[in-house]
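>>> Have a look; sequence and predicted model below, questions after that.
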Amino acid sequence: MQKSIEIKSRNLTLRGTLHTPDRVNGKFPLIIIYHGFGGNKMGPHFMFVKFSRLLAEHGFASIRFDFAGSGESDGEFINMTLSGELEDAKNILDYAKSLKFVDKENIGVIGFSMGGAVASILAGMNSKDIKALCLWAPAGNMPEIVVNDFIAEGYPQFLERGYHEFEGLPIGKAFVEDLKKIDIYDTASKYDGNVLLLHGDADEVVNFSASEKYLEYYNQKAKLIAIKGADHLFSKEEWVKQLFSHTINFFSDELSSFSANYTAI
């Protein structure tokens, strides 16, 4: 089953999609998917839609939302900050825990790109609520990416105007200032569960070294798998198949399967 859902976060409406397996009762393990910078709940080349449907086939429920200011959710992108998305992410997690058909002991999280940075921080701050964490090309180095790559030579004009337009999206000064306040890797390291990192070794946006650095902080809790030749968006079918396969196997190992205890959806 697939249906549209809404929640409130920071007095804004976030719009998302819920997927559940084709059972009408019982409790499911659930996966939350967090999108990246300038992205949305559908994902690049509908990647999140495809994966949510695949999860349902394997007995997992899933939810995916647009962060405030992105996709169909309320808010303006120029007001987007990492802290704001982290608050949205926590509210989405709380919503997931409130669903009667969700096995609250078996909630997993996926974060892609900047959503990977958000997911890693969220897990570090809410370790007891997240059983397993999977990061796709996570941008733990987001502060450097924004200043050095997104804004780059336009930094003087950015300071003067208070924003910088990048690929049609206005990067606000609040976003850049907020990034300076958060130690992404250190906060992420507080997570107690197991972590799978999947990253294309030819990623042109988030360098593969960003995941290698996560590995240093997670130590024995994490495993890093390189998708050979893959770019940032995993834009070939063969790369997507590898990404999905590794992720499904990880959650199948880490999360308990469907519970037969009756709970009406």
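All right, it came through fine.
>>> Using the three-state scheme, assign the most centrally placed residue in the chain.
For the chain, Gly111 is the residue whose C-alpha lies nearest the centre (Cα atoms, centre = their mean; 2.2 Å). For Gly111, the assignment made with DSSP: H, G, I helix; E, B strand; the rest coil gives strand.
>>> Excluding covalently adjacent residues, which one is nearest to it?
Computed as Cβ to Cβ, 6 or more residues apart in numbering, the closest residue to Gly111 that is not its neighbour in sequence is Ala119, at 2.6 Å. Every C-beta, even on glycine, is put in place using the N, C-alpha and C of the backbone.
>>> any idea of the pLDDT on that neighbour?
pLDDT for Ala119: 98.
>>> I figured it hits Ser113, correct?
No. Contact between Ala119 and Ser113 fails when scored by Cβ atoms under 8 Å: they sit 10.2 Å apart.
>>> Now the common contact residues for those two.
Common contacts of Ala119 and Ser113 (Cβ atoms under 8 Å, 6 or more residues apart in numbering): Pro138.
>>> Quick one: low-confidence residue ranges for the protein.
The model of the chain has pLDDT under 70 over residues 24-25, 257-265.
>>> Could I get the full set of strands for it?
Taking DSSP state E to define them, one finds strands in the chain at 2-9, 12-19, 25-34, 61-65, 102-112, 132-136, 163-166, 169-172, 194-200, 222-227, 259-264.
>>> I'd like to know which of these is closest to Glu237.
strand 222-227 (12.3 Å; Cβ to Cβ).
>>> Can you check what angle separates that closest one from strand 194-200?
Taking axes from the mean of the first three to the mean of the last three Cα atoms, to 10 degrees, strand 222-227 and strand 194-200 form an angle of 20 degrees between their directions.
>>> Make 49 the first number, not 1, from now on.
Understood, numbering begins at 49; the last thing we discussed is strand 270-275.
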